[in-house]
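Colleague: dropping the sequence and predicted coords here.
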Amino acid sequence: MSQFNIEFTFDGEKIDAITGQSVAAALAANQRTLRKTRFNNNERGVFCGIGVCFDCLVVIDGITNQRACLIEAKPGMKVQTQVGSDA
Amino acid sequence: MHNVVIVGAGPAGLSAAIAAAAAGAPVLLIDSNPRLGGQYWRLPSDNFGDQHDQHFDLDTGLLLINAVKDRKEIEIYSGAQIWSATHKDGINTLRVLHNGVEKIINTGNLILCTGAYDRTLPFPGWDIPGVMTPGGVQSLLKGHGVLAGKKVVVAGSGPFLLPVAAGVIKAGGEVVDLLEANKSYRWLLSPLVLLENVSKLKEAFYYIKTISEARLRARFGQAVVAAHKGSDGSLESVDIATIGRKFKIKKIRNVKCNVAAIGWGFTADTSLAGALGCKQSVAKDGGVVVVADQDQQSSIPGIFVAGEITGIGGSELSMAEGVIAGISAAKFVGCKVEVLKAHRKRRAKKQRFANALIKSYPVKAGWISWLNGQTVVCRCEEVSVDNLKYAIDELGATDSRTAKLLTRCGMGLCQGRVCGRSVVDLVAAELNISPSDTDRFSAVNRPIISPIPLGVLAKGE
């Protein structure tokens, strides 16, 4: 995809995206682990892609439990790996 | 105000909206996606150019979407979340979050077209990043122009695997393996049903052409039975088994890939209908669906249902049901309009095709033998097979509801949408009984339709 027009960060790293893309879609190319589970500290990423499974949870601008597959990437967003419930 | 409220803007909801509006009823169309079209005609924002490549029949979708947008009688709430629905004295109350504001909608005339999502089965490693549903891979492609990974295994059962494999190929990815767990595309053995549904045959050949041009051949009687992660914690390879008719493993090979798209048909999203009290039934494949009469009316007068929630049948059946639901709802609010014989005939034809399909792609109980004690069943609450067995064998649970209470299996954020159906099967298998309809219903009915921030509840009455 060539026409990247926005930037946000994931754990401090710069990520390119296109207006209209979800956070999960923008990350899909190189970042498959989006969170670590609360009990077993296991990696999780996008599973259902349509907001059903709640596995792609990330922290966005300090707010936990955000479904990366549903939230549109916006310029300057600070996205972070969610560790446990991060509450 | 609004005479007919429609929930869901996929093939069924769009068709219903147009039919009701054409009959003279003003419509409010509520949809959770940012753009109309549902999962089938999922469209990206305007920044992605032409999307026909990722669709078999986008023109029909665009026609319906534009017709809905053009009609003044149809008001649209896109990106709206319905988090609660109740029914009392003929009035349905929906609590909707739209643009950050809660709206309360009271209506006596509702059409539910809430669709379906991928049916998944647990197996060792299915929670590793890179293991996805076919619908998830397709949503990234259709909705965002993104390929989930370069080397993809597409597996499970059912005709939906074909468009997903074709979509990956068209986007420049490699489908390493395309695996159908059942023995063949058996619906090809129903020539009569196919002959009256030529469009379906065309659709299948459209995907098969792309797949064979990539020199890929589907393998039958094979399934992904385990996934393994690499040093970065994400998917590195899958174990592919040759399986028998009952899905028992015969032999295993290991294949490198970075995405495995695995699905076993679909589960109807009946949450909203369930919360309102619409009568449900258990379909032949064990999935819960909403009961509809000849006019697509549910057991509650004034609540109509159409599309996948009445039984998995694909976009064309959904459209046929949507039209009937739209007309029936318009008639219910006093419009002078009747469902025509031609409408019912069209629906019956599509229904025969759907019936043939569901028979052709059974999910056999042998999948349970792929699991081991540590296999995660409930992804949200990280409940394992051993946790479930402990609840049954040591704590005395004799049904899936009790096992759920004792383990929190199915009580996490997704509220059992992903594991609920499998848990019912696993618990019944452990007890050596057949699951009851009550077990099936309790696995899909939930008081909160969609999780919401507690602040919203606190602000309410």
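Modeller: Cool, the structure landed.
Colleague: so which bits of the stretch 1-150 of chain B are right by chain A?
Modeller: With Cβ under 8 Å from any Cβ of the partner chain as the criterion, the stretch 1-150 of chain B comes near chain A at residues B:32, B:34, B:39, B:44-48, B:117-118, B:127-133, B:135-140, B:143-149. C-beta here means a position set from N, CA and C on the backbone, and glycine is covered the same way.
Colleague: take the residues you listed and keep only those in strands.
Modeller: Taking DSSP state E, the ones among those that sit in strands are B:117-118, B:131-132.
Colleague: and which of those residues is nearest to chain A?
Modeller: When these are ranked by distance to chain A (Cβ to the nearest Cβ), B:Tyr117 comes first, at 4.8 Å.
Colleague: list the contacts of the closest residue to that closest one other than its chain neighbours.
Modeller: Once flanking residues are discounted, B:Tyr117 sits nearest to A:Val52: 4.8 Å by Cβ to Cβ, 6 or more residues apart in numbering or on different chains. Contact partners of A:Val52, counting by Cβ atoms under 8 Å, 6 or more residues apart in numbering or on different chains, are B:117, B:414, B:417-418.
Colleague: hmm, back to that, farthest-separated two in the ones in strands among the residues of the stretch 1-150 of chain B next to chain A?
Modeller: The span of these, defined through Cβ to Cβ, is set by B:Tyr117 and B:Val131 at 15.9 Å.
Colleague: as JSON lines, the ones in strands among the residues of the stretch 1-150 of chain B next to chain A with neighbour count and distance to B:Ala320 would be great.
Modeller: Below are those laid out as JSON lines (neighbours: other Cβ atoms under 10 Å in any protein chain shown; distance: Cβ to Cβ, whole Å):
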{"residue": "B:Tyr117", "neighbour count": "24", "distance to B:Ala320": "21"}
{"residue": "B:Asp118", "neighbour count": "30", "distance to B:Ala320": "23"}
{"residue": "B:Val131", "neighbour count": "26", "distance to B:Ala320": "35"}
{"residue": "B:Met132", "neighbour count": "33", "distance to B:Ala320": "31"}
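Colleague: OK, contacts around the residue most central in space within chain A?
Modeller: Here the mean C-alpha position of chain A is nearest to the C-alpha of A:Ala68 (Cα atoms, centre = their mean), at a distance of 4.2 Å. Contacts for A:Ala68 (Cβ under 8 Å, 6+ apart) come out as A:22-24, A:27, A:34, A:46, A:56-58, A:79.
Colleague: so where's chain A shaky on pLDDT?
Modeller: Applying pLDDT under 70 to chain A picks out residues A:1-2, A:86-87.
Colleague: how about 90 then?
Modeller: Within chain A, the ranges that satisfy pLDDT under 90 run A:1-3, A:29-31, A:84-87.
Colleague: show me which residues of it sit near chain B.
Modeller: Residues of chain A lying near chain B (Cβ under 8 Å from any Cβ): A:1, A:3, A:5, A:18-22, A:24-26, A:28-29, A:32-34, A:37-40, A:42-55, A:57, A:65, A:69, A:72.
Colleague: please redo it, this time with the cut-off set to 6 Å
Modeller: A:1, A:18-22, A:25, A:28, A:32-33, A:37, A:39-40, A:43, A:45, A:47-50, A:52-54 (Cβ under 6 Å from any Cβ of the partner chain).
Colleague: ok, the residue lying closest to B:Ile300 once chain neighbours are set aside - contacts?
Modeller: Counting by Cβ to Cβ, 6+ apart, B:Ile300 lies nearest to B:Cys278, which is 5.6 Å off, once chain neighbours are set aside. If a contact means Cβ atoms under 6 Å, 6 or more residues apart in numbering or on different chains, then B:Cys278 has B:290, B:298-300, B:303 as its contacts.
Colleague: just the helices in the chain please.
Modeller: Going with chain A. For chain A, applying DSSP state H gives helices covering A:23-28.
Colleague: was after chain B, sorry
Modeller: Counting by DSSP H, chain B has helices at residues B:11-22, B:58-70, B:134-144, B:161-170, B:191-195, B:198-213, B:271-276, B:314-332, B:341-360, B:385-393, B:400-407, B:420-431, B:437-444, B:454-459.
Colleague: residues contacting the first one, please?
Modeller: When contacts are taken as Cβ under 6 Å, 6+ apart, the neighbours of helix B:11-22 outside the stretch itself are B:4, B:6, B:27, B:29, B:40, B:64, B:67-68, B:71, B:73-74, B:111, B:113, B:306-307, B:315, B:318-319, B:321-323, B:325-327, B:329-330.
Colleague: distance check, B:Val96 against chain A.
Modeller: In this view, B:Val96 and chain A are 16 Å apart by Cβ to the nearest Cβ, to the nearest Å.
Colleague: that residue pairs with what?
Modeller: In this structure, B:Val96 bridges to B:Ile82, B:Lys103 when assessed by DSSP bridges.
Colleague: number of nearby residues for B:Leu36?
Modeller: 24 (other Cβ atoms under 10 Å in any protein chain shown).
Colleague: hang on, isn't it packed against B:Ile6?
Modeller: No: the pair B:Leu36 / B:Ile6 is not scored as a contact, 11.4 Å apart, by Cβ atoms under 6 Å.
Colleague: residue 38: neighbouring residues, count only.
Modeller: Assuming you mean chain A. Neighbour count of A:Arg38, defined by other Cβ under 10 Å: 17.
Colleague: hmm, no, I was thinking of chain B.
Modeller: Residues lying near B:Gly38 (other Cβ under 10 Å) number 28.
Colleague: so how far is B:Trp264 from the residue nearest to it when sequence neighbours are not counted?
Modeller: Setting aside the residues directly before and after it, B:Gly38 is nearest to B:Gly10 in space (Cβ to Cβ, 6+ apart), at 2.1 Å. For B:Gly10, the distance to B:Trp264 (Cβ to Cβ, to the nearest Å) stands at 20 Å.
Colleague: same drill for those two, tell me which one is more crowded.
Modeller: Neighbour comparison, B:Gly10 and B:Trp264: the larger count goes to B:Gly10, with 29 against 26 (by other Cβ under 10 Å).
Colleague: so who does the more buried one touch?
Modeller: B:Gly10 neighbours (Cβ under 6 Å, 6+ apart): B:38, B:40, B:115.
Colleague: repeat that for 10 Å
Modeller: Neighbouring residues of B:Gly10 by Cβ atoms under 10 Å, 6 or more residues apart in numbering or on different chains: B:31, B:33, B:36-42, B:61, B:64, B:113-116, B:306-308, B:315, B:318-319, B:322.
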